[in-house]
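Student: can you look at this prediction? I've put the sequence above it.
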Amino acid sequence: MVLVELIIFAAVAATFVYCYIKRSHKYWDERNAPHLSAKSFWGNMENPFITKKGLKYDLKNAHDELKRLGYKHGGIYLFKQPVYLCVDPEVCKLILTKDFQYFGGRGSTIDYKTNPLAEHLFNLEGEPWRSMRVKLTPTFTSGKMKQMFDTLLACGIPMLDRIEELIQQKKSLDIKEIVGCYTTDVIGSCAFGLECNSFKDPNSEFRKNRRNVISPRPILVIVAFLRFVMPAVLKILPFKFIPQDIEDFFIGAIKNVTEHRSGNKIRRNDFVQILLDLQEKAKADGQEPMTLTEIAAQSFVFFVAGFETSSTTMTFCLHELAFNQDVQDKLRNEIRKTMQENGGKLTYDGVMGMKYLDGVVNETLRKYPPLPMLFRKCDRDYTLKDTNTTLEAGTNVFISILGLHYDEEYYPNPEKFAPERFMDENKHSRPQYAHLPFGEGPRNRSRYV
């Protein structure tokens, strides 16, 4: 009898949930907005727990379908959550830049007490974000980048030695691991002022924690799903998605570096020094200085975003060069010519002047964007220009970068690797917001946000 009652209860509960979800899929119909109808219980996404492609391809497919229907933007559903998807680059420009005051946040639901290293500029919103952005804006000027250029070159020497060693031993090269070690050494030196020695010491703390940070964890899949489709759950049940050992390592590393420099009056041209100077300036101005944890959080995102996006982009770039010999030859000739003009040396100004290299990197970022989608949250009611569609406060707004980067209107034969797309005579023939590898506007990720 108890079993029968349980079965009946489960059936009633399942029916209630199903009806509730189906009812939520009427949201865009009721607002008479252009949209795609939900294609399943999961809305316009595949079952996130069994799909092999992921949300980035769900959004690209929705982007392509909306464009095929002639829409510049339109509503979709991620599970029960209504989401508005920008399709046309001019609409993307409105959301990201022109009307940024309506879309300043990303709808973060992270509990910073549980995840202190997550309290960085990428996640912060509102006044805390504006305050931190003002403080960090001077961090990545061209002058400061130029000061760090010699560090980049110095970190490249062990990498070249390692490659030469593997060649002499006739061993295969795991290029992702090699460039990953290189970017770890660069970020470790530029951000923390530490020599990581990733090539000499396979068990170095930074190399080990680099692997731990990027290693897949089921909790991250759950958090990503809840963040976009059921954000209220994260507020009720705060998850710790940064492991305690990683948290302890980065906070400990910052503590050791700051204490060592303060005690020995040492200065370096690196990211930590900039944060320490900001701390001293705040004290002098009678303002609240950043805490050790806040400094660690900014350094953590700089480390994670810096080594992973850079190493992944370099890996894809080398992959494309290997399969496109004509591009490789043309790039090699430009590099040789530039070095010859600079006395056989690789200089900051020389690199900045390589137009074809810039095209190769940008084409890599087009085909393999580090951030395949952008997301914003509508802070207050917003009526889209020249439409009767009003986005209510709290609405999630997405942009499929993959959808834009593989749009044949802007990139004919998009699967082809063609750096010429980004030469001066070609790149001005398409909308600026058709190429968004790091986003655009005040929260442009290339500006460390």
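Tutor: Done, it's in. Numbering: from 1, shown residues only.
Student: leaving out the residues flanking it, which one is nearest to Leu94?
Tutor: Lys385 (6.4 Å; Cβ to Cβ, 6 or more residues apart in numbering). C-beta here means a position set from N, CA and C on the backbone, and glycine is covered the same way.
Student: if I look at that neighbour, how far off is Leu371?
Tutor: Using Cβ to Cβ, to the nearest Å, one gets 25 Å for the distance from Lys385 to Leu371.
Student: check Phe16 too.
Tutor: In this structure, Phe16 and Leu371 are 37 Å apart, going by Cβ to Cβ.
Student: quick one, which of those two is more surrounded?
Tutor: Leu371 (18 against 10; other Cβ atoms under 10 Å).
Student: part of a strand, is the more buried one?
Tutor: No: using DSSP: H, G, I helix; E, B strand; the rest coil, the secondary structure at Leu371 is coil, not a strand.
Student: so it touches Ser400, yeah?
Tutor: No: using Cβ atoms under 8 Å, Leu371 makes no contact with Ser400, being 11.0 Å away.
Student: how does this structure divide into domains?
Tutor: 9-27+36-54, 108-303, 324-391+422-449 (automatic domain parsing).
Student: what segments of the stretch 251-400 of the chain are helices?
Tutor: Using DSSP state H, counting those that start in this stretch, the helices of the stretch 251-400 of the chain run over 271-284, 292-323, 325-341, 348-352, 355-367.
Student: could you tell me the least trusted of the ones you listed?
Tutor: Lowest mean pLDDT within those: helix 271-284, at a mean of 79.
Student: list the buried ones in it?
Tutor: By neighbour count on 16 or more other Cβ atoms under 10 Å, the buried set for helix 271-284 is 271-276, 278-279.
Student: run the angle between it and helix 292-323 for me.
Tutor: Inter-element angle recorded for helix 271-284 and helix 292-323: 150 degrees (by axes from the mean of the first three to the mean of the last three Cα atoms, to 10 degrees).
Student: for helix 271-284, output the C-alpha coordinates as PDB.
Tutor: Provided in PDB are the C-alpha atoms of helix 271-284 (Å, rounded to 0.1, in the frame of the first residue of the first chain):
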ATOM      1  CA  PHE A 271      50.600  42.700 -11.300                       C
ATOM      2  CA  VAL A 272      51.000  42.100  -7.600                       C
ATOM      3  CA  GLN A 273      53.000  45.300  -7.200                       C
ATOM      4  CA  ILE A 274      50.200  47.300  -8.900                       C
ATOM      5  CA  LEU A 275      47.700  45.900  -6.400                       C
ATOM      6  CA  LEU A 276      50.100  46.600  -3.500                       C
ATOM      7  CA  ASP A 277      50.500  50.200  -4.800                       C
ATOM      8  CA  LEU A 278      46.700  50.600  -5.000                       C
ATOM      9  CA  GLN A 279      46.500  49.300  -1.400                       C
ATOM     10  CA  GLU A 280      49.000  51.900  -0.200                       C
ATOM     11  CA  LYS A 281      47.300  54.700  -2.200                       C
ATOM     12  CA  ALA A 282      44.000  53.800  -0.600                       C
ATOM     13  CA  LYS A 283      45.500  54.000   2.900                       C
ATOM     14  CA  ALA A 284      47.100  57.400   2.100                       C
END
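Student: pull the residues that contact that helix.
Tutor: For helix 271-284, contacts defined as Cβ atoms under 8 Å, 6 or more residues apart in numbering pick out 135-136, 138-139, 144, 190-193, 254, 257-258, 261-262, 267, 288-290, 295, 298-299, 302.
Student: OK, contacts around Asp29?
Tutor: Contacts of Asp29 by Cβ under 8 Å, 6+ apart are His35.
Student: and Asp326, how far from Glu420?
Tutor: With Cβ to Cβ as the criterion, Asp326 and Glu420 are 11 Å apart.
Student: more neighbours: the two, which one.
Tutor: Higher neighbour count among Asp326 and Glu420: Glu420, with 13 against 7, using other Cβ under 10 Å.
Student: looks like the more buried one contacts Asn426 (just checking).
Tutor: Yes: Glu420 lies in contact with Asn426 (Cβ under 8 Å); the separation is 6.1 Å.
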